[in-house]
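>>> mind folding the following:
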Amino acid sequence: MTYTGDVRVGGPADVRELPGLTIAKLAVGPFDNNAYLLRCTATGQGLLIDAANEADRLLALVGDQPLAAIVTTHQHGDHWQALEQVAKVTGAPTIAHPLDAPALPVAADRLVEHGDEITFGEVTLEVIHLRGHTPGSIALSYPGHLFTGDSLFPGGVGNTWNDPERFTQLYTDVVERIFNRFPDDTWFYPGHGKDSTLGAERPHLEEWRARGW
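Residues are numbered from 1 along each chain as shown. This next block holds a predicted model:
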């Protein structure tokens, strides 16, 4: 496998080819956000996760192939700066969780809850609601792969701003809804920075809980 997940703003996308699915990871904007273009290899249908910034680069990544939807993982502004323009140019419907959707610059065409499915082409993703970083943060699951937004990173869960209640909620959701469900070889793709696997992070869960962030 030549995919590493190490990308930088201004640099090329890193592309991972799986059976039936390609994943292109692109770093955009002043906060080094990750945007992910998933493409069903059987049909050419695509799905964009977080139109974070630099609409021109995201549109170039999409190219002239169909874009079935744009999913926004959560309401923070660094994850949707390009959403309005990319949606307008591509005509793709937008998807978000109802608790975070009102903060987005365009009305969501579809609202999704925990356990819902998003299908494009022959690919199906499961929605995982992870509460704490924001009320309506979501992750997306594909067999062996997770797109975690800002709720899970290498080294810990997402920022909960020193709020013990929010940290406990996010930590609990991440443990129960991700680590307790998926095997160690599951690769996860966060909203910023490098990827990791659940197996690499699992030994540190108690450390995260003890430190409270």
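>>> quick one: residues contacting residue 15.
When contacts are counted by CB atoms under 8 Å, 6 or more residues apart in numbering, residue 15 is found next to 3, 22-25. All C-beta spots, glycine's among them, are computed from the backbone N, C-alpha and C.
>>> cutoff 6 Å now
Neighbouring residues of residue 15 by CB atoms under 6 Å, 6 or more residues apart in numbering: residue 24.
>>> do you know the pLDDT at it?
With respect to pLDDT, residue 15 has a value of 98.
>>> may I ask which helix or strand encompasses it?
Per DSSP states H and E: residue 15 is located in strand 14-18.
>>> tell me the strands beside that strand, with direction?
strand 21-28 (antiparallel) (DSSP bridges).
>>> next SSE downstream of the strand it pairs with?
Sequence order places strand 33-40 as the next helix or strand after strand 21-28, per DSSP H and E.
>>> still on that earlier bit, could you give the angle of the strand holding residue 15 to strand 33-40?
Here strand 14-18 runs at an angle of 30 degrees relative to strand 33-40 (axes from the mean of the first three to the mean of the last three CA atoms, to 10 degrees).
>>> next, the buried residues of strand 14-18.
Neighbour-count burial for strand 14-18, with 16 or more other CB atoms under 10 Å as criterion, is recorded at 14, 16, 18.
>>> for the first one, what are its contacts?
If I follow you right, that is residue 14. 3, 7, 25.
>>> which residue packs closest to the second one, ignoring adjacent ones?
Leaving out its chain neighbours, the residue that sits closest to residue 7 by CB to CB, 6 or more residues apart in numbering is residue 27, at 4.3 Å.
>>> burial measure for the one you found, as a count.
24 (other CB atoms under 10 Å).
>>> in contact with residue 109: list those residues for me.
93-94.
>>> so for residue 41, what's the pLDDT?
97.
>>> and the residue nearest to it when sequence neighbours are not counted, how many neighbours?
Take residue 41 and drop its neighbours on the chain: the residue closest to it by CB to CB, 6+ apart is residue 20, 5.6 Å away. Residue 20 has 15 neighbours, counted by other CB under 10 Å.
>>> only the buried residues of stretch 119-134, if you could.
120-121, 123, 125-134.
>>> would you confirm that residue 58 belongs to a strand?
No - per DSSP: H, G, I helix; E, B strand; the rest coil, residue 58 lies outside any strand segment and is helix.
>>> mind checking how far it is from residue 122?
Distance from residue 58 to residue 122, counting by CB to CB, to the nearest Å: 23 Å.
>>> with residue 13 instead?
Residue 13 sits at a distance of 22 Å from residue 122 (criterion: CB to CB).
>>> now swap in residue 140 and tell me
Residue 140 is 16 Å from residue 122, by CB to CB.
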